[in-house]
Structure formats: C-alpha cells, structure tokens
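K.L.:
okay, predicted coordinates and the sequence, questions at the end:
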Amino acid sequence: MIKNYLEIGQIVSTHGIRGEVRINPWCNGPEFVKKFKTLYKDANGKDFFKVISCRPHKNVAIAKLEGVDTVEMAQSLKNTVLFIKREDAHLPDGEWFISELLGCKVIDNENNEICYGEITDVAETGANDVWYVKTPSGEEVLIPAIPDVIVKCDVANEKIYINALRGLFSED
C-alpha cells in the first residue's frame, strides 16, 4: 500500500551540546536520511522539523533540527520516530519501500488466478533482497527479489507479479 508518509528512522540520542540528534536510520542508511530538508513527527505530516544540517556518522545520521538548540531539548526528543513525505523521496526504477511491499499479494504472472500468498518481511542480503511470503496454508517461502522472478510490482494495488522458480511453491 502506498503511504504518504514513511518511517525513516528514530532519534536515539543527542550529539554534542548544541542540540544535534543522532538518528538511527530505518532505511537505506544515513546517506539517504541526509537528502531530506523536512522530517515529520507523525505519519500524518501534521508536525515537522526543518533540517538545518545532516551528515552521516558511522551507522547513524547526525542532524541539527530547527528550534532544537540545547542538549536538553535534543534529549527530550529521544525515541521520536521520524517520517518523510513519500513524494520527497525519489527511488530509482525497480526499487520500492519495504513498508509498501509488506502485505502485497504475490500473484503468478502467467495465471493471475494463482495467489501464492503475501509478503510478510524483506531481508536485505547484499546480493539481492529476499522476500518472505506467507502462503495460504501458513508456510513461509523465501523468494529472491531478482529480475528473473519479479516481473511487476504494483504496490498501489498491493500486488506483486512473479515467475515462480521451479519447486518454490510446489513439489514439481
């Protein structure tokens, strides 16, 4: 399902004495976080922070947020989950947000009447992602997110069309 606001990470601590915060990214990493000039405090986009500066530091992003000028103010934000506006994120073709893949039905590309199940999780393995599919019988099947398997992702309609590898969903 396409959401207007997506979780990008969580403020986990302060950095220094001038009100900077450390953000644990729940996305592609701290480099992705630094692309955004506005971070939202909720999934509705009603309240937000303007980002004054943001830089990667090891596995986190260090951000200076407008109006957060002391270590005490920054400390009060600890555990705050931050969101981005989806339209501000520009993903390359063939990439999707994990949160939008979750719950999508996995459909056979050649016979649209066959539904293998739905995506319940995604593992990032390095070479390619692996999608966890829960079948109607409750089994968990892992499918590689590679072009030979994934034909079309229609996250707006919560459907993923695949060419199932032989033996993945049956004993053939």
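P.N.:
The structure has been received and is ready for your questions. Numbers count the residues shown, from 1 in each chain.
K.L.:
for Ser76, grab the count of nearby residues.
P.N.:
12 (other CB atoms under 10 Å). (Each C-beta comes from the backbone N, C-alpha and C, glycine too.)
K.L.:
check Asp93 too.
P.N.:
Neighbour count for Asp93, taken as other CB under 10 Å: 4.
K.L.:
ok, now how distant is it from Thr80?
P.N.:
32 Å (CB to CB, to the nearest Å).
K.L.:
Asn111 now?
P.N.:
Taking CB to CB, one finds Asn111 at 46 Å from Thr80.
K.L.:
comparing those two, which residue is more hemmed in?
P.N.:
Thr80 (16 against 7).
K.L.:
I'd assumed Gly9 was in contact with the more buried one.
P.N.:
No: the criterion here is CB atoms under 8 Å, and Thr80 misses it with Gly9 at 9.7 Å.
K.L.:
OK, contacts around His15?
P.N.:
Going by CB atoms under 8 Å, 6 or more residues apart in numbering, His15 touches 21-22, 57, 62, 74.
K.L.:
counting by contacts, list what the least confident helix or strand in the chain by mean pLDDT packs against.
P.N.:
Least confident helix or strand, the chain: helix 98-101 with a mean of 86, by mean pLDDT, DSSP states H and E. In this structure, helix 98-101 packs against strand 5-15, strand 115-124, with contacts taken as 3 or more CB pairs under 8 Å, 6 or more residues apart in numbering; DSSP states H and E.
K.L.:
chain center to the longest one, what's the gap?
P.N.:
How far strand 5-15 lies from its chain's middle: 13 Å, per CA atoms, centre = their mean, to the nearest Å.
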